[in-house]
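> starting from these lines, generate the structure:
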Amino acid sequence: MPQGSVRDRTDAAELADAVATAENPWRVVHRYGAYVLLAVGVVLLAATSDVIGMSRTDWYVAGGLSALALVLQLAWTVTEPEPMRVSAVSAAFYWTRWAIAFVVTLINPFFAFFAAVGYYDADRMLPRWQQRPAILASVVIVAGSQSGGLWPRSPLAWAVFGALIVANMAFVVITGHLQEKEQERARVQVRTIHELAETNAALQAALDENAQLHSQLLVQAREAGVADERRRLAAEIHDTIAQGLTGIIAQLQVVKNAPTLEIAREHLDRADALARHSLGEARRSVHNLSPAALADASLPEALKKTVAEWGGRTGVRAEFTLTGTAQPLHDEIEATLLRITEEALSNAARHARATRLGVTLSFMAGEVTLDVRDDGRGFDPLALPARTGTAGFGLDGMRARAERLAGDVTIESEPGSGTAISARVPLVPHDQ
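Numbers count the residues shown, from 1 in each chain. Below is the predicted model of the structure:
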């Protein structure tokens, strides 16, 4: 059996026992008190038999009735219902036990200790209308013993007997009142125990639910991390290998139609350089390093070189401008701005048919902006087809890169009026 199950059963048993004790703190007295009082009565009966002057007949009667009382008490203990219910059987047992105590006390007053058992059993065994008479009957036996034995033999003895009845009844009433208060406290304790048990169960259920939700969040976080990493790697491949291959294809197409060997060789050299550059970028992307252009140069230097190389390949007049005071940025910021520039240049080379292009990097208070403007044919941003699957990253890829850094990308263009792409990201220094 699992250890947890054993512990749970043990805790449940302890709780049930605590509840039962709180509900009826007298249950130990009810179960074993009669045996103790009977034993005390028998011991006192035997010890005082010579003083009382008991005859052989008295001994037979007292001994036989004491044995009968023990047998009846044992039988009642075995058959006593739980919880206790008043019935004709319980009433018959009570009055039979009282009769035994009364007869033996007539023989020896010290046996009246056993009669006291009727004080705390009347409300459990008798209907309400019999309870007060039953307690009074038990008081009569005890008071008779205290006054010197039943029955009194003089007016003074009768007066003492009556006073003792009153005193014992007062004692029983006060004791009963205190017992009722104690039972009320017990009921409050029971309610408290039940409320605590319910609260503990609710708390455990909440903890179990929180643990389940935590596990679900971990799974979702892992899935989101995997998806984000896939998008990042796909964007890196698009920005390095795909763009490099596009440039190589463009150079090779020029070679096909080159009028002279020198022009063909020049474009072959450019294709070779692009292939080597793309290979280096692919290796660095695999190792999650910064772009190759940033390995030994600052962001402004890398952008200036990238723009110049692009202009040399496409024949478009391209310029780079730096505004504000440049400072080293966080690696991810610099890599993002460079990738957005490369994507914007790639789009311009494929679609813009521009004659002039300008790239501006601006350092401002808490923000870095990158602007790429061309005088090409432009387009309607709202008319662009939605990209699906792996059809490309383009403008969507720029936005995704910027948004990962709490930035954004805006595009302004219309047919015949060129295109302006602006990327804004937080200025996060390199040491942060």
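> quick one: contacts of stretch 262-272?
247-248, 251-252, 254-255, 258, 313 (Cβ atoms under 8 Å, 6 or more residues apart in numbering). All C-beta atoms are positioned from the backbone trio N, CA, C, and that covers glycine.
> so which residues of this structure form helices?
With DSSP state H as the criterion, the chain has helices at 3-23, 27-47, 49-52, 56-79, 88-107, 117-125, 128-146, 155-237, 243-256, 261-286, 299-314, 331-347, 394-404.
> can you list the buried residues in the shortest one?
Buried residues in helix 49-52, counted by 16 or more other Cβ atoms under 10 Å: S49.
> re earlier: filter the contacts of stretch 262-272 down to the buried ones, ChimeraX style.
Buried residues among the contacts of stretch 262-272 (16+ other Cβ under 10 Å), as a ChimeraX selection:
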select :247,248,251,254,255,313
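> now, which of the contacts of stretch 262-272 sits nearest G397?
G247 (17.4 Å; Cβ to Cβ).
> any stretches of the stretch 251-400 of the chain with poor pLDDT?
282-291, 385-393 (pLDDT under 70).
> swap the cut-off to 50 and go again
For the stretch 251-400 of the chain, the stretches flagged by pLDDT under 50 are 388-392.
> and the protein, what are its domain boundaries?
Following automatic domain parsing, one gets these domains for the chain: 18-203, 295-432.
> how about TSV for these, with distance to Q220 added?
Below are the domains of the chain laid out as TSV (distance: least, Cβ to Cβ, whole Å):
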stretch	distance to Q220
domain 18-203	25
domain 295-432	18
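> still on that earlier bit, in CSV: the contacts of stretch 262-272, plus distance to R185.
Formatted as CSV, the contacts of stretch 262-272 follow (distance: Cβ to Cβ, whole Å):
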residue, distance to R185
G247, 90
I248, 91
Q251, 96
L252, 97
V254, 100
V255, 102
A258, 106
R313, 93
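> next, give me the two most distant ones among the contacts of stretch 262-272.
Across the contacts of stretch 262-272 (Cβ to Cβ), the longest gap, 16.4 Å, separates G247 and A258.
> still on that earlier bit, for the contacts of stretch 262-272, which one is nearest A383?
G247 (27.1 Å).
> contacts only, for the nearest residue to that closest one once chain neighbours are set aside.
Spatial nearest neighbour of G247, excluding adjacent residues (Cβ to Cβ, 6 or more residues apart in numbering): L274 at 4.6 Å. Contacts for L274 were tallied using Cβ under 8 Å, 6+ apart; they are 244, 247-248, 251.
> how about E195?
No contacts exist for E195 under Cβ under 8 Å, 6+ apart.
> likewise L136?
165, 169.
> from Y32, how far out is it?
Relative to Y32, L136 is positioned 25 Å away (Cβ to Cβ, to the nearest Å).
> picking up where we left off before, the helices of the chain: lowest mean pLDDT?
The minimum mean pLDDT among the helices of the chain belongs to helix 3-23 (a mean of 50).
> to what extent is P328 buried, counted in neighbours?
If you count neighbours by other Cβ atoms under 10 Å, P328 ends up with 12.
> whoops, D375 was the one
17.
> wait, doesn't L44 sit right on A112?
No. Contact between L44 and A112 fails when scored by Cβ atoms under 8 Å: they sit 9.0 Å apart.
> re earlier: pick the one among the contacts of stretch 262-272 closest to T336.
Looking across these and measuring by Cβ to Cβ, the closest to T336 is G247, at 21.1 Å.
> you'd agree that closest one is up against G312?
No. Applying Cβ under 8 Å, one finds G247 not in contact with G312, separated by 11.3 Å.
> neighbours of W76, how many?
Counted with other Cβ under 10 Å, residues neighbouring W76 total 17.
> if I pick the closest residue to it other than its chain neighbours, what's in contact with it?
Counting by Cβ to Cβ, 6+ apart, F93 is the residue found nearest to W76 once chain neighbours are left out, at 5.5 Å. The contact partners of F93, by Cβ under 8 Å, 6+ apart, come to 72, 76, 125.
> how far away is K181 from I174?
In this view, K181 and I174 are 11 Å apart by Cβ to Cβ.
> between the helices of the chain, which gets nearest to A292?
helix 261-286 (4.7 Å).
> give me the buried stretch members for that closest one, please.
Those buried within helix 261-286 under the rule 16+ other Cβ under 10 Å are 264, 267-268, 270-271, 273-274, 277-278, 280-281, 284-285.
> turn the helices of the chain into JSON lines, including distance to A293.
Formatted as JSON lines, the helices of the chain follow (distance: least, Cβ to Cβ, whole Å):
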{"stretch": "helix 3-23", "distance to A293": "60"}
{"stretch": "helix 27-47", "distance to A293": "87"}
{"stretch": "helix 49-52", "distance to A293": "119"}
{"stretch": "helix 56-79", "distance to A293": "96"}
{"stretch": "helix 88-107", "distance to A293": "99"}
{"stretch": "helix 117-125", "distance to A293": "95"}
{"stretch": "helix 128-146", "distance to A293": "100"}
{"stretch": "helix 155-237", "distance to A293": "14"}
{"stretch": "helix 243-256", "distance to A293": "13"}
{"stretch": "helix 261-286", "distance to A293": "9"}
{"stretch": "helix 299-314", "distance to A293": "4"}
{"stretch": "helix 331-347", "distance to A293": "6"}
{"stretch": "helix 394-404", "distance to A293": "16"}
